[in-house]
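Novice: sequence? don't have it. structure:
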């Protein structure tokens, strides 16, 4: 029996989300609200479930899997201020400032002699890949 080669790391349950790095700003319909993203705010990618030294390997493998340039740590280099008018159709709105990140679950697999895949280790990762993001939403 010839088994396929070891898959090594695989990723699942992935989704993109935004991480606030400043308190959100809110306002009622028709008002203009603003938010300032201050210089020096820092955030770090995290990898859970890894053994010592493996977190950076998961980080690199995820970068290749998703074809993104993740940042292990990202620091805002300048102060930025944005404004947004809450649409008249929205009762109350919020403006946020922070980073875009990717959440994913990961497994490290081994192919056994019977060609079954055995999960040796697993965990999750929150990987920063785009800084200086703003977004808005309603209550």
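Specialist: Received the coordinates, thanks. A quick note: this is a predicted structure, and the numbers were derived from the prediction, not measured.

Novice: And the spatially most central residue of the chain, which helix or strand is it part of?
Specialist: Ranked by distance to the mean C-alpha position of the chain (Cα atoms, centre = their mean), the top residue is residue 101 at 1.8 Å. Taking DSSP states H and E as the criterion, the element that holds residue 101 is strand 92-111.

Novice: Which other helices and strands does that strand contact?
Specialist: If contacts are counted by 3 or more Cβ pairs under 8 Å, 6 or more residues apart in numbering; DSSP states H and E, strand 92-111 sits against strand 8-20, strand 25-28, strand 32-37, helix 55-66, strand 80-85, strand 117-138. Backbone N, C-alpha and C define where each C-beta goes, glycine included.

Novice: Columns mean neighbour count and mean pLDDT on top of those, output as TSV?
Specialist: Putting the helices and strands packed on strand 92-111 into TSV (neighbours: other Cβ atoms under 10 Å; pLDDT from 0 to 100) gives the following:
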stretch	mean neighbour count	mean pLDDT
strand 8-20	13	95
strand 25-28	16	96
strand 32-37	16	96
helix 55-66	16	94
strand 80-85	14	96
strand 117-138	16	91
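
Novice: between those, which one is nearest to residue 92?
Specialist: strand 25-28 (5.5 Å; Cβ to Cβ).

Novice: and that closest one, which strands flank it?
Specialist: Strands flanking strand 25-28 in the sheet, each with its direction: strand 92-111 (antiparallel) (DSSP bridges).

Novice: Switch the helices and strands packed on strand 92-111 over to CSV; also include distance to residue 91.
Specialist: Formatted as CSV, these follow (distance: least, Cβ to Cβ, whole Å):
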stretch, distance to residue 91
strand 8-20, 21
strand 25-28, 7
strand 32-37, 14
helix 55-66, 37
strand 80-85, 14
strand 117-138, 7
